[in-house]
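Novice: compute the structure for the input listed below.
(one chain, ligands or ions: 1)
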Amino acid sequence: MRPKMANRPQARRSLGQNFLAHQGVCESIIRLSGFNCGDTVIELGPGLGALTRTLAPRVKRVMGIELDRRLIEYVEANEGFGRNVEIRNQDMLDVSYGGISRELGTRLRIIGNLPYNISSQILFKLVDERDFVDFAVLMFQKEVADRLLSVPGTKDYGVLPVIVGYCADISRLLNIPPGLFRPKPKVVSTVVKIRFRPPGLQALDFAFFSLLVKAAFGKRRKKLSNALKGLACIDEGLIYDALSACGIKESLRAEELAVDDFVCIANRLCETARVNVL
Ligand code: SAM
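Specialist: As a prediction, this is how the structure comes out:
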């Protein structure tokens, strides 16, 4: 017989532990996610298993990546996760999606109610490993989701929507009020679906494209020509040339450019300047 553990581990704020505590909302998330019964789904941060237990009966297999061993042991000693669920005690930032994808022989479908303090890192990691990911359904703090879904010309528009929007379609699935979590967070949460696809305009050098986008938004109040000065030691004349070749006025600011505009500038600079990004 498995030992019964009396006390549930205390939630750790440092690990973003706000657990879903409403079955109806778990059902809605899984229904809107679009998983099929033949899918193996990677769950980032299964915690006490609110989403896991709703998902597992509807798919072939769930592989959870959970950093907090206390939670894994607690669930195993109590109701368990079900026969088609495997939990790995690992940091989700160290996971190799390429490795898991090769292991499973398929592109990955991912779900996660994320620890909000590492949302951007998780997104950039997904983008880096996008070749191995079909889609990800992720819960963020609403402000982060609003930024991710923002369009040019708005105050929220920035690095995240450009880099993620380069290779994925992003859609809002639902907003979730703080009262449906334990402990209760201070903010509203939003579940977003990120479906990876080939880019509209392919970057010749993705690392340089990312660097350029970060430089442009690093000085978002400045004209683009000024914001890009000093980028990768590129001669100023080549920056003016790239803006002109892409039909972009040098007086524009980063927040006024669409994703393909950034790709066009980056590609032109790759062709004309000796760009060297590691
Ligand atoms: N999925 C559960 C739910 O919806 O109730 C828990 C979500 S809770 C917001 C975030 C979960 O991610 C916690 O279980 C936490 O321990 C786990 N976590 C935090 N940082 C992590 C990391 N770097 N790698 C793996 N799991 C992590």
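
Novice: what residues does the stretch 101-250 of the chain put near the ligand?
Specialist: Within the stretch 101-250 of the chain, the positions near the ligand by C-beta under 6 Å from any ligand atom are 113, 115. (C-beta placed from N, C-alpha, C; glycine too.)

Novice: residue boundaries of the strands in the stretch 101-250 of the chain?
Specialist: Counting by DSSP state E, counting those that start in this stretch, residue ranges of the strands within the stretch 101-250 of the chain are 108-113, 133-141, 168-176, 181-182, 189-196.

Novice: now these in JSON lines, with mean neighbour count and mean pLDDT?
Specialist: What follows is the strands of the stretch 101-250 of the chain, written out as JSON lines (neighbours: other C-beta atoms under 10 Å; pLDDT from 0 to 100):
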{"stretch": "strand 108-113", "mean neighbour count": "23", "mean pLDDT": "98"}
{"stretch": "strand 133-141", "mean neighbour count": "22", "mean pLDDT": "98"}
{"stretch": "strand 168-176", "mean neighbour count": "16", "mean pLDDT": "98"}
{"stretch": "strand 181-182", "mean neighbour count": "18", "mean pLDDT": "98"}
{"stretch": "strand 189-196", "mean neighbour count": "21", "mean pLDDT": "98"}
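
Novice: how does the protein divide into domains?
Specialist: As given by automatic domain parsing, the domain ranges for the chain are 5-196, 206-273.

Novice: quickly, which of these bottoms out on average pLDDT?
Specialist: For the domains of the chain, mean pLDDT drops lowest on domain 206-273, to a mean of 93.

Novice: identify the residues contacting the residue lying closest to residue 188 once chain neighbours are set aside.
Specialist: Across the structure, with C-beta to C-beta, 6 or more residues apart in numbering as the measure, the residue nearest residue 188 apart from its sequence neighbours is residue 142 (4.3 Å). Counting by C-beta atoms under 8 Å, 6 or more residues apart in numbering, residue 142 makes contact with 175, 187-190.

Novice: and those, which two are furthest apart?
Specialist: 175 and 187 (10.7 Å; C-beta to C-beta).

Novice: any idea what residue 189 is bridged to?
Specialist: Following DSSP bridges, residue 189 is listed with bridge partners residue 141, residue 176.

Novice: list the contacts of the residue in the chain positioned nearest to the ligand.
Specialist: Distances from the chain to the ligand, computed as C-beta to the nearest ligand atom, single out residue 45 as the nearest residue at 2.3 Å. Each residue near residue 45 by C-beta under 8 Å, 6+ apart is listed here: 16, 64-67, 92, 112-115.

Novice: and if you look at residue 96?
Specialist: So residue 96 contacts residue 129 (C-beta under 8 Å, 6+ apart).

Novice: ok, residue 199 next?
Specialist: With contact taken as C-beta under 8 Å, 6+ apart, residue 199 is in contact with 166-167, 263.

Novice: which of the residues you listed has the most neighbours?
Specialist: Ranked by neighbour count under the definition other C-beta atoms under 10 Å, these are headed by residue 263 with 24 neighbours.

Novice: shouldn't it be within a strand?
Specialist: No. If the criterion is DSSP: H, G, I helix; E, B strand; the rest coil, then residue 263 is helix and not within a strand.

Novice: isn't residue 67 up against residue 88?
Specialist: No. With contact defined as C-beta atoms under 8 Å, residue 67 does not count as touching residue 88 (9.9 Å).

Novice: more neighbours, the two?
Specialist: Of the pair residue 67 and residue 88, residue 67 is the one with more neighbours under other C-beta under 10 Å, namely 19 against 15.

Novice: tell me the contacts of that one?
Specialist: Contact partners of residue 67, counting by C-beta under 8 Å, 6+ apart, are 15, 45, 89-92.

Novice: and those residues, which of them are buried?
Specialist: When burial is judged by neighbour count using 16 or more other C-beta atoms under 10 Å, the buried members of those are 15, 45, 92.

Novice: among the residues you listed, which are in strands?
Specialist: When strands are assigned by DSSP state E, not one member of those lies inside them.

Novice: which one of the contacts of residue 45 sits closest to residue 133?
Specialist: residue 112 (12.1 Å).

Novice: is the residue nearest to the closest one when sequence neighbours are not counted bridged to anything, and to what?
Specialist: Across the structure, with C-beta to C-beta, 6+ apart as the measure, the residue nearest residue 112 apart from its sequence neighbours is residue 44 (3.1 Å). According to DSSP bridges, the partner residues bridging residue 44 are residue 65, residue 112.
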